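Peer 1: Take a look and give me a structure for this.
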Amino acid sequence: MAPSFDWWVKEKYRGTPVIVKMENPNWSISELSSPEDDEFAEARKGGKGKNAKQITWVLLLKAHRAAGCLTYLASATARLSAAVRRRIAAGRMDSDSGESPTPRHRFYTCIKIFLWLSILLLAFEVAAYFKGWHVSPPNLHGFKFPSSFGVRSLFGSIYASWLSFRAKYIAPLLQFLANACVVLFLVQSADRLILCVGCFWIHFKRIKPVAKAIADDLEAGKYFPMVLIQMPMCNEKEVYQQSIAAVCNLDWPKSNLLIQVLDDSDDPTTQTLIREEVKKWEQSGVQIIYRHRIIRDGYKAGNLKSAMHCSYVKDYEFVAIFDADFQPTPDFLKLTVPHFKGNEELALVQARWSFINKDENLLTRLQNINLCFHFEVEQQVNGVFINFFGFNGTAGVWRIKALEDSGGWLERTTVEDMDIAVRAHLKGWKFIFLNDVECQCELPESYEAYRKQQHRWHSGPMQLFRLCLPDIIRSKIAFWKKANLIFLFFLLRKLILPFYSFTLFCIILPMTMFVPEAELPAWVVCYIPATMSFLNILPSPRSFPFIVPYLLFENTMSVTKFNAMISGLFKLGSAYEWVVTKKSGRSSEGDLLSLSELKHWRGGSAPELNPITKELATLPKKEPKKKHNRIYRKELTLAFLLLTAAARSLLSAQGLHFYFLLFQGISFLLVGLDLIGEQIE
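Peer 2: So this is what the prediction gives:
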């Protein structure tokens with residue numbers, strides 16, 4: 001029997017049932033289940049029944065929804081445009097920041113040259129595209145212009161000369177720079193991968209620093225050495241209350257603990273507030289001292305150095321340092337100080353930071369990704385396998401003998417914490433990082449504050465590298481430790497990373513769109529950066545939805561980091577300027593009230609907080625200050641450069657490069673208009 005072939009003639013209905021609800025009371029709710037339905041079949045034959053009208057309503061409903069989506073997108077675009085117009089009208093240029101304009105002007109001039117050059121080249125390419133001369137990069141070799149090209153067209157002659165010139169002179173140089181950056185990129189990626197493998201091994205083997213000398217005494221009841229607490233601060237009116245309260249409530253014998261509040265504030269009101277706060281805790285029985293410097297020489301390093309010269313410091317064995325926005329838990333000293341017992345080579349015990357405002361906005365979420373990787377991977381791996389890492393400047397306990405042996409605090413750089421750590425390492429001292437001991441603090445919530453912080457963090461290491469390189473070479477530590485300090489700690493992670501990030505993705509990549517003879521492979525543009533971003537985000541798994549913004553924002557921040565690195569390396573502009581990171585202090589009142597509710601107070605060590613809480617309740621509410629934003633010219637210039645290169649990439653149909661340049665350009669545009677993070681008061 002011959003098989004039936006009617007299956008391909010008959011059209012089967014394979015759709016899902018549709019339920020249509022009409023707001024018009026003249027229409028009922030019905031279900032279109034299958035074409036075998038009698039009324040539906042009648043409608044297919046040309047009959048105009050009620051179901052046919054309902055199909056029309058379904059189509060109208062879908063059209064209405066589509067129109068609604070378009071209306072929403074249009075309104076969202078209009079709101080975004082209005083916000084951009086307001087910010088441009090009310091914004092302040094980054095030149096108003098008070099920094100030295102010389103290095104910024106030079107840097108900005110170079111970027112402007114690239115921008116105007118790219119616009120000129122894009123105009124050439126667009127004209128050539130419409131004349132039919134447009135070719136894609138693989139077809140450039142052996143390409144011949146049509147016979148009508150000749151010498152009859154001046155533009156054609158200029159374009160032919162440009163093609164020949166860029167192929168002979170520009171492309172080889174650009175390709176060399178691209179290949180060099182790719183090699184640096186791969187080396188840095190390998191370092192990042194090795195760090196991640198080391199972190200995995202630590203978790204797999206459950207490696208954790210243990211205070212061996214007191215393993216049988218977990219509460220450390222018999223080990224209470226003399227500890228000095230130092231709290232350097234400068235105009236920290238938003239956060240001083242909860243920080244002083246947290247330090248004063250550390251669970252440690254009062255007789256073995258002294259707190260120094262080192263105030264460098266130049267605001268008389270702030271000085272008075274901090275002094276009164278210290279007096280309240282002093283009256284409650286806490287050993288706390290207020291010190292104020294009239295002249296702020298050496299910034300934080302000078303402040304700490306001045307405090308260490310006090311005569312009573314010789315009575316103390318350890319010093320714990322907390323910045324103004326850091327709030328240690330009551331058991332902080334019990335978790336850190338015991339590691340020093342029986343370990344005379346140990347100089348520093350560093351705790352991890354945790355962030356009270358990590359979910360405040362997109363900027364704080366992206367910062368949290370970076371800092372989680374820094375502590376979870378970099379600090380932990382280096383602490384376990386090398387016994388050395390950069391001191392984070394706060395939330396750490398130092399052996400005073402190690403500080404004195406290393407030369408004490410020096411004011412020669414803006415990273416005094418890294419400076420003392422390197423000098424202590426060269427003297428043979430060891431460090432311990434405790435990943436499970438956290439100290440709460442704040443992240444900058446505005447891009448302006450974050451930008452200034454990153455400038456200091458990336459210019460300071462280059463100052464230090466230039467100063468301490470001879471000491472590293474002459475030191476008596478092992479050769480592999482010298483190599484680790486020079487090539488990994490300084491060159492690879494502090495110099496090469498911002499250099500190739502900016503050069504490769506912000507300069508070379510857009511220029512290869514106009515010089516297609518020099519190419520960047522797709523794995524350099526997309527796959528390797530995505531993999532590295534994936535590794536960076538592993539320590540904070542809740543941040544996985546932000547992996548794409550993180551990748552784009554890190555490339556955007558490479559402008560600031562590269563500028564800071566060059567300034568620090570060659571002593572340009574504001575390399576030695578210390579700008580205190582602006583704090584929001586949004587948690588200060590809540591933290592102070594929570595301290596008043598603690599039940600487990602140490603006898604006689606806690607003040608009566610009821611008057612303070614009542615005073616907070618009776619204070620008149622301050623009117624909110626008018627906020628402003630800044631317009632960042634370098635970021636905006638690079639945004640237009642990348643978007644111009646994206647347009648050129650679109651002409652040559654380079655899909656992956658086009659999307660990367662487009663979204664990276666948009667990222668620069670949003671940052672340049674200060675549309676990320678909070679505005680500044």
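Peer 1: now the helix or strand hosting Thr336, how far from the centre of its chain.
Peer 2: With secondary structure defined by DSSP states H and E, Thr336 is part of helix 332-336. In terms of CA atoms, centre = their mean, to the nearest Å, the centre of helix 332-336 is found 29 Å from the chain centre.
Peer 1: could you point out which element follows that helix?
Peer 2: Downstream of helix 332-336, the next assigned helix or strand under DSSP H and E is strand 346-355.
Peer 1: list the helices and strands that following strand packs on?
Peer 2: Under the contact criterion of 3 or more CB pairs under 8 Å, 6 or more residues apart in numbering; DSSP states H and E, strand 346-355 touches helix 332-336, helix 362-373, strand 396-399, helix 400-405, helix 416-426, strand 430-441. C-beta here means a position set from N, CA and C on the backbone, and glycine is covered the same way.
Peer 1: What segments of the stretch 201-350 of the chain are strands?
Peer 2: According to DSSP state E, counting those that start in this stretch, the stretch 201-350 of the chain carries its strands in the segments 227-233, 257-263, 288-292, 318-321, 327-328, 346-355.
Peer 1: I'd like the helices and strands packed on strand 346-355 written out as JSON lines, with distance to Ile288 and mean neighbour count added.
Peer 2: Below are the helices and strands packed on strand 346-355 laid out as JSON lines (distance: least, CB to CB, whole Å; neighbours: other CB atoms under 10 Å):
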{"stretch": "helix 332-336", "distance to Ile288": "15", "mean neighbour count": "22"}
{"stretch": "helix 362-373", "distance to Ile288": "30", "mean neighbour count": "21"}
{"stretch": "strand 396-399", "distance to Ile288": "18", "mean neighbour count": "24"}
{"stretch": "helix 400-405", "distance to Ile288": "19", "mean neighbour count": "17"}
{"stretch": "helix 416-426", "distance to Ile288": "23", "mean neighbour count": "24"}
{"stretch": "strand 430-441", "distance to Ile288": "19", "mean neighbour count": "20"}
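Peer 1: picking up where we left off before, make TSV out of the strands of the stretch 201-350 of the chain and add distance to Asp405, mean pLDDT and mean neighbour count.
Peer 2: Rendered in TSV, the data for those read as follows (distance: least, CB to CB, whole Å; pLDDT from 0 to 100; neighbours: other CB atoms under 10 Å):
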stretch	distance to Asp405	mean pLDDT	mean neighbour count
strand 227-233	17	95	24
strand 257-263	21	95	23
strand 288-292	24	94	17
strand 318-321	14	97	23
strand 327-328	26	94	25
strand 346-355	8	96	23
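Peer 1: how about those, which one is nearest Ser459?
Peer 2: strand 227-233 (20.0 Å; CB to CB).
Peer 1: How about residues contacting the closest one?
Peer 2: Strand 227-233 is contacted from outside by 240, 243-244, 247, 250, 252, 256-265, 274, 300, 303-304, 307, 313, 316-324, 333, 337, 397, 400, using CB atoms under 8 Å, 6 or more residues apart in numbering.
Peer 1: then that strand to PDB, C-alphas only?
Peer 2: Presented in PDB, the C-alpha positions along strand 227-233 are these (Å, rounded to 0.1, in the frame of the first residue of the first chain):
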ATOM      1  CA  VAL A 227      47.200  48.100  72.700                       C
ATOM      2  CA  LEU A 228      47.100  51.700  71.300                       C
ATOM      3  CA  ILE A 229      44.200  52.700  69.000                       C
ATOM      4  CA  GLN A 230      44.800  55.500  66.500                       C
ATOM      5  CA  MET A 231      41.900  57.100  64.600                       C
ATOM      6  CA  PRO A 232      43.200  59.600  62.000                       C
ATOM      7  CA  MET A 233      40.500  61.900  60.600                       C
END
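Peer 1: who does it pair up with?
Peer 2: Strand 227-233 sits in its sheet next to strand 257-263 (parallel), strand 318-321 (parallel), going by DSSP bridges.
Peer 1: Any chance of TSV for these, columns distance to Lys476?
Peer 2: Formatted as TSV, the strands paired with strand 227-233 follow (distance: least, CB to CB, whole Å):
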stretch	distance to Lys476
strand 257-263	34
strand 318-321	26
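Peer 1: Of all these, which one is nearest Val197?
Peer 2: strand 318-321 (32.1 Å).
Peer 1: quick revisit: now mean pLDDT and distance to Phe546 too, for the helices and strands packed on strand 346-355, in TSV please.
Peer 2: Formatted as TSV, the helices and strands packed on strand 346-355 follow (pLDDT from 0 to 100; distance: least, CB to CB, whole Å):
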stretch	mean pLDDT	distance to Phe546
helix 332-336	95	30
helix 362-373	94	6
strand 396-399	97	29
helix 400-405	96	39
helix 416-426	95	28
strand 430-441	95	21
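Peer 1: Would you mind pulling up the elements that the helix or strand encompassing Gly198 packs against?
Peer 2: Under the assignment given by DSSP H and E, the secondary-structure element containing Gly198 is helix 171-205. Using 3+ CB pairs under 8 Å, 6+ apart as the contact test, the elements touching helix 171-205 are helix 380-385, helix 497-502, helix 509-514, helix 528-537.
Peer 1: Tell me which of the ones you listed sits nearest to Gly655.
Peer 2: Ranking the helices and strands packed on helix 171-205 by distance to Gly655, with CB to CB as the measure, places helix 509-514 first at 12.8 Å.
Peer 1: moving C-terminal of the closest one, what's the next helix or strand?
Peer 2: Beyond helix 509-514 in the direction of the C-terminus, DSSP H and E gives the next helix or strand as helix 522.
Peer 1: Let me see the mean pLDDT of that next one.
Peer 2: Here helix 522 scores 84 as its mean pLDDT.
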